[in-house]
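Novice: just the structure for this:
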Amino acid sequence: MRKVLVPLVLLCSLVGFSAFGQEELNEITLLEYLDLVKASHPYFNKEQLAVDIEQKQAQSLLGDKDWFLSLVPTYSYLGKASAPEISGGAVEQINRAGLEASLDRRLWSTGGRLGFSWTSGYTRSDIPIGFENVYRNGVGATYTQPFLQNWKGKLDRLQYELSDYIINSTQLEVWENQENFLFDVSVRFLDWAYYTRELSIREGRLEIAKKGLEDVNKRFRANLVDKVDVLRAEDSVRLAEQGVVLSRSQWKAKQAELAIIAGSDEIIKRRPRYDIYRLEELPDREQSVKELKSDSRLLQTLYVLRKQLEYQRTGVENQKKAQLDLSVTAGIYGRDQTLIEALAIYQPEVIVSLVFAKPIGSRTAKGQLEKIDVQIAQVNGEVASIERDLESAMVGLLIQIQDLEEVLDLNKKQIESAQEKTKEEVKLYNQGRSQLTFVIQSEDNEEAAWLTYAANAYLYHTLILQYNALLDKILVIE
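Specialist: Down below sits the predicted model:
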């Protein structure tokens, strides 16, 4: 019987045999699968839209730099009681009509306001000796320049520049969400790789059970063993077949699940290429923690928020300054009793004003500054808290990974021991010094040792995925 037993370790090393049917399946790696998911899954486009929304919101703030056009037609009527007196007697009524058009905009580079205007008006005054018409036309320009508050457009640009921090923060949150999504998908792919290995082990056990049954039947026909040995061998085959059916079902279900996630029927024609027995070389604890604190997106999001608050604080400090604005208005106008003569605009007018304003006490700005200082302190506390949580998670992972490497080494020794035990049981059985039950039990133990090895290897690589996710290495930003 020993000659017909195929070592289980050999069967487990075979890739792509009957576990996947008669058709040879092409392999797909984890990275290749993740690329498919990133290219096709709607989750990624949906998440990125959050950044697009913030970018559009930021662009809308640029409207503050646009030219603003206004048209103001006016008409007024003054009766005798309201009309002023002139040398010719009391004015009985005055009718006025006019149109003013202006075009102005903010200059973010200086903080100033630039405007152009055109005015046209007509006044008819009814007096006892007749009436008097006056036409007035003119064009002008106004520029206002702040010297303290909003110097160089600090306040004008503030909301737009703060939106950059919001966009960066949103992008980091989107990447973190995508990282978590890919981590979940990666674990599912690892499940598929584990089921592949489990199915190979169980099919190896089935192959051995079938060959064992064939050998026992030959011995029974030669009257070398009892009927009970045949029954035991048949039971061993049936139990092995049950294990294969269950494992194959899990394998196919996971394959279908991954095909739907990737949105590709090609996955049905693939099998995973993932060595769950491979050990990874990781940096030491100090290096891993240092890399974690410098690269973690969770911390980077808080850093961006802190910078946003600090920049917002500079805006509030600017608001505390007094308002000192110089305004200059210059224009040329024409005035005459006839419309044609009034179009001759050559009479200059210049107005210069200096505006000073300052709230007494500045309690509003002071309260806002105190609020921002508390928010910054809160962010600093959150950074310290998350750093500690991340470090504890990292150290815990590294300890588990290191210990599992030792367990995996013990698993390999256990497999070797189980194989030696099977050889000895087969030898005793062939010599007639033992029962078939002990051979089958030893083969089952060997299978169990392989399954335990595979399960621990699966757990090991799950921890490796957690380690990479903690360092934000699963989502590759191109």
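Novice: can you give me the helices in the stretch 301-450 of the chain?
Specialist: 339-342, 363-430, 436-470 (DSSP state H, counting those that start in this stretch).
Novice: residue contacts, the closest residue to L459 other than its chain neighbours?
Specialist: In space, and not counting its chain neighbours, L459 is closest to L404: 6.5 Å by Cβ to Cβ, 6 or more residues apart in numbering. (C-beta placed from N, C-alpha, C; glycine too.) L404 sits next to N456, L459, Y460, L463 when contact means Cβ atoms under 8 Å, 6 or more residues apart in numbering.
Novice: for Q300, find the nearest of the helices of the stretch 301-450 of the chain.
Specialist: helix 363-430 (10.3 Å; Cβ to Cβ).
Novice: now do that closest one against helix 436-470, angle only.
Specialist: Here helix 363-430 runs at 160 degrees with respect to helix 436-470, directions being taken by axes from the mean of the first three to the mean of the last three Cα atoms, to 10 degrees.
Novice: still on that earlier bit, between the helices of the stretch 301-450 of the chain, which has the poorest average model confidence?
Specialist: Ranked by mean pLDDT, the helices of the stretch 301-450 of the chain end with helix 339-342 at the bottom, a mean of 66.
Novice: before we move on, the earlier item: which of the helices of the stretch 301-450 of the chain sits closest to D184?
Specialist: Nearest to D184 among the helices of the stretch 301-450 of the chain is helix 436-470; the distance by Cβ to Cβ comes to 9.5 Å.
Novice: before we move on, back to that, quick one: which of the contacts of L404 is nearest F147?
Specialist: Nearest to F147 out of the contacts of L404 is L463 (Cβ to Cβ; 62.3 Å).
Novice: OK, contacts around that closest one?
Specialist: Applying Cβ under 8 Å, 6+ apart, we find L463 in contact with L397, Q400, I401, L404.
Novice: same thing but 10 Å
Specialist: E280, G396, L397, L398, I399, Q400, I401, D403, L404 (Cβ atoms under 10 Å, 6 or more residues apart in numbering).
Novice: from E266, how far off is the second one?
Specialist: This points to G396. 38 Å (Cβ to Cβ, to the nearest Å).
Novice: kindly report the same for the first one.
Specialist: Between E280 and E266 the distance, using Cβ to Cβ, works out to 29 Å.
Novice: mind listing the strands for the stretch 201-350 of the chain?
Specialist: With DSSP state E, counting those that start in this stretch as the criterion, the stretch 201-350 of the chain has strands at 270-272, 323-336, 347-357.
Novice: and the shortest one, how far from the chain's centre?
Specialist: In other words, strand 270-272. 28 Å (Cα atoms, centre = their mean, to the nearest Å).
Novice: show me what that strand packs onto, helices and strands only.
Specialist: Contacts defined by 3 or more Cβ pairs under 10 Å, 6 or more residues apart in numbering; DSSP states H and E place strand 270-272 against strand 26-28, helix 30-40, helix 154-221, helix 227-262.
Novice: neighbouring strands - and their directions - for it?
Specialist: Using DSSP bridges, strand 270-272 pairs in its sheet with strand 26-28 (parallel).
Novice: and the strand it pairs with, what's buried?
Specialist: Judged by neighbour count (16 or more other Cβ atoms under 10 Å), strand 26-28 contains these buried residues: I28.
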